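Engineer: Okay, predicted coordinates and the sequence, questions at the end:
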Amino acid sequence: MSLLSLGINHQTAPVDVREKVAFSGDQVNDALRDLQKISAVKESVIVSTCNRTEIYCDLEVDTAQTVSHWLSRYHGMSDDALLPYIYQHTGQEAARHLFRVASGLDSMVLGEPQILGQLKSCFDQAKSGRSVDAILGRLFQHSFNVAKRVRTDTEIGSHAVSVAFAAVNLSKQIFGELENLQALLIGAGETIELVARHLTSQHIGKIVIANRSLENAQRLAEEVNATAVQINEVPKQLVDADIVISSTASQLPILG
């Protein structure tokens, strides 16, 4: 057994590079099947969030370079373009890295709670795709237990905030009260949902949610008493927006 964790995150790569190697939810199953075609890869899990893309593997032999090459090839990048931003850990260090990630110690906002749920979703997707067996199965389950114990036995969770909460808190620092303001939220995923709920709790004047899928925007808008529009209406909505918060899986710029 040779345990490997390999990837990029907000500390090692700028956002434009992270966007290029991000996996959408629809891509992950195909990517796992393709990754498992590497003969040395016995098990694999792909973790892809807005701030990190990481691959966890149980390898028959040490083939980290092969996995790194696969990542760049899958996303149509050259090895030279991606290699400067990649970090890798093997053996016990790979396990320790996963424990840090699960506990929120490696997050942009220290201790943010979202990452644990994201890890569980990525692990469940790998299980559904049958790319996980005993080694990564035990490792990820143990990481979930470690994360729970860290939050129970330390103070990290007492002041932990999500990126969504941090964005809303920054808005309050800039504007003070939000009652008379209008917020434009771009996207309709988990982060934007949290932003919308935090803004609602602060009695924001109006929320407009723009998304490629109008149906998804409408579903969220109904829950938070917001207005839903399609993403091509963003330029028009910007005119009246006091606050703009965007969180999408798009690999192309939404604004500008």
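Structural biologist: Yes, it's here.

Engineer: C-alpha from now on. contacts and neighbour counts both.
Structural biologist: Will do.

Engineer: Which of the residues in stretch 55-65 are classified as buried?
Structural biologist: Residues of stretch 55-65 classed as buried: 55, 56, 57, 58, 59, 62, 63, 64 (neighbour count, 16 or more other Cα atoms under 10 Å).

Engineer: of the residues you listed, the lowest pLDDT goes to which?
Structural biologist: For the buried residues of stretch 55-65, the minimum pLDDT belongs to residue 62; the value there is 78.

Engineer: Which of the three states applies to that one?
Structural biologist: When classified by DSSP: H, G, I helix; E, B strand; the rest coil, residue 62 comes out as coil.

Engineer: Please report the distance of the closest residue in space to it that isn't next to it in sequence from residue 137.
Structural biologist: Closest residue to residue 62 apart from its sequence neighbours, by Cα to Cα, 6 or more residues apart in numbering: residue 2 at 6.2 Å. Shown here: residue 2 relative to residue 137, a distance of 15 Å by Cα to Cα, to the nearest Å.

Engineer: Please, which helix or strand holds residue 148?
Structural biologist: Under the criterion DSSP states H and E, the helix or strand holding residue 148 is helix 134-153.

Engineer: Against which helices or strands is that helix packed?
Structural biologist: Applying 3 or more Cα pairs under 8 Å, 6 or more residues apart in numbering; DSSP states H and E, one finds that helix 134-153 makes contact with strand 41-48, strand 52-59, helix 91-103, helix 114-128.

Engineer: Repeat the analysis, applying 7 Å as the threshold.
Structural biologist: Taking 3 or more Cα pairs under 7 Å, 6 or more residues apart in numbering; DSSP states H and E as the contact definition, the neighbouring helices and strands of helix 134-153 are helix 91-103.

Engineer: List the buried residues for the helix it packs on?
Structural biologist: Neighbour counts over helix 91-103 (16+ other Cα under 10 Å) mark 94, 95, 97, 98, 99, 100, 101, 102, 103 as buried.

Engineer: For the second one, give me the pLDDT.
Structural biologist: With respect to pLDDT, residue 95 has a value of 97.

Engineer: swap in residue 92?
Structural biologist: In this prediction, residue 92 has a pLDDT value of 96.
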